[in-house]
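> Here you go, sequence then predicted model.
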Amino acid sequence: MASNIDLEAPTPTAEEEVPFDYAKRAQWLRAAILGANDGLLSIASLLMGVGAVKEDAKTMILTGIAGLVAGAFSMGIGELVSVYSQLDIEVAQIEREKKSPTVVNTEKDEERLPNPFQAAGASAFAFAVGAVIPLLAASFIKTYLVRLGVVVAVVTVALVAFGLIGAVLGKAPPLRSTARVVIGGWLAMGVTFGLTKAVGKGVLG
């Protein structure tokens, strides 16, 4: 009898198992990488711009911290507003479907609704993580030219890492994708440094 009971015990079916949403995870990871990349380039370019006209480390670090806080809040609030707009549209669509006699089940759609606060927090956090990288690189070096060089070197390494991760998530050619990210980062830092230097000489010089 015991063996019969064991044989007849219910086993989980494929329908009962909840499949892991790998596509959703990839989207979150991609958004996190983009947010971190924004923070990295924004603060690195800001530091280079300030470094073009001010050689002391304190000014660079304070400017970078202000940029980190402002950028993280800006990213978070922007994401909150954007996702809330998306949420309103999807909720309205679900309400219309509930009134339709042809739609039977809308529970799955409700489970997939975006969370504005979660998205805002993730966006702000990702930006801050990226922004901390150039800040840390500049914080412990007193020599002006060495500080700028270290910031560029550290940011380049981070850009390569972000480019490779983005290529893997997007299934793009790693070399081409990474090269685009790195060249774009160099351009952002170089143009910011050059323009600030020119304006500083014209206005302050």
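Arrived safely.
> ok, and the closest non-adjacent residue to the residue nearest the centre of the chain?
Closest residue to the average C-alpha location of the chain: Gly35 at 1.7 Å, with Cα atoms, centre = their mean. Nearest non-adjacent residue to Gly35, counting by Cβ to Cβ, 6 or more residues apart in numbering: Ala126, 3.0 Å away. From N, CA and C alone the C-beta is placed, and that goes for glycine too.
> returning to that earlier point: from memory the residue nearest to the centre of the chain sits against Ser74, does it?
No: between Gly35 and Ser74 there is no contact under Cβ atoms under 8 Å: 11.4 Å.
> which helix in this protein runs the most residues?
helix 57-99 (DSSP state H).
> re the thing from before, neighbours of the residue nearest to Gly35, just the number please.
Close neighbours of Ala126, defined as other Cβ atoms under 10 Å, add up to 24.
> Whichever strand or helix holds it - contacts with which helices or strands?
Assessed by DSSP states H and E, Ala126 sits inside helix 116-139. Counting contacts by 3 or more Cβ pairs under 8 Å, 6 or more residues apart in numbering; DSSP states H and E, helix 116-139 is packed against helix 22-53, helix 57-99, helix 144-170.
> Could you list the low-confidence segments of this structure?
1-28, 101, 103-109, 203-205 (pLDDT under 70).
> Try it again at 80.
Scanning the chain for pLDDT under 80 picks out 1-31, 97-112, 169-170, 202-205.
> The residue nearest to the centre of the chain and Glu110, how far apart?
27 Å (Cβ to Cβ, to the nearest Å).
> Just the angle for the longest helix of the chain relative to helix 116-139, thanks.
160 degrees (axes from the mean of the first three to the mean of the last three Cα atoms, to 10 degrees).
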